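Sequence plus the predicted model coming up.
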Amino acid sequence: MQGLPENCSATCDLEDRVYFAVSIFYQSRINRTVSNLWEEQIVLVRAFSEEDAAKQAVDFAHAQETSYQNCEGDDVEWRFFKVEHVFNTGLAEFSGNVEIFSRFLKKSEAESLLTPFD
């Protein structure tokens, strides 16, 4: 069970937490050189506040960092870069289908996201 955050008084109740959708960016390196490939990961975090959700997301992101050798023999690393945004869903509980993330995009951003990798 998660303890109370530092900025929470003794009157905080674990039931006061809500869900946040947190956008995390990872940067890849190939043979220790920064590559053009990035990952955006959106995780669902239950927290007392936006700050608490961001801290949990940073801890989660660091635990997800990984290294491996690809099929071409290159050393690949995925490293946490930053928490890009924290979105308060306003939900303390949910069941069924729930929207956890949505954003408006410029045409160029949508086209970029819809373009497959080479």
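Everything's here; your move.

neighbouring contacts of the helix or strand hosting S108?
Using DSSP states H and E, S108 sits within helix 107-114. Defining contact as C-beta atoms under 8 Å, 6 or more residues apart in numbering, one finds that helix 107-114 is touched by L105. To be clear about C-beta, it is placed using only N, CA and C from the backbone, and glycine gets the same treatment.

next one: it to chain centre, how far?
A distance of 21 Å separates the C-alpha centroid of helix 107-114 from that of its chain, computed with C-alpha atoms, centre = their mean, to the nearest Å.

Dump it to PDB, keeping only the CA atoms.
Written as PDB, here are the backbone C-alpha positions of helix 107-114 (Å, rounded to 0.1, in the frame of the first residue of the first chain):
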ATOM      1  CA  LYS A 107      -3.100  19.100 -38.800                       C
ATOM      2  CA  SER A 108       0.700  18.700 -39.100                       C
ATOM      3  CA  GLU A 109       0.800  16.900 -35.700                       C
ATOM      4  CA  ALA A 110      -2.000  14.500 -36.700                       C
ATOM      5  CA  GLU A 111      -0.300  13.700 -40.000                       C
ATOM      6  CA  SER A 112       3.000  13.100 -38.200                       C
ATOM      7  CA  LEU A 113       1.300  10.700 -35.800                       C
ATOM      8  CA  LEU A 114      -0.500   8.900 -38.600                       C
END
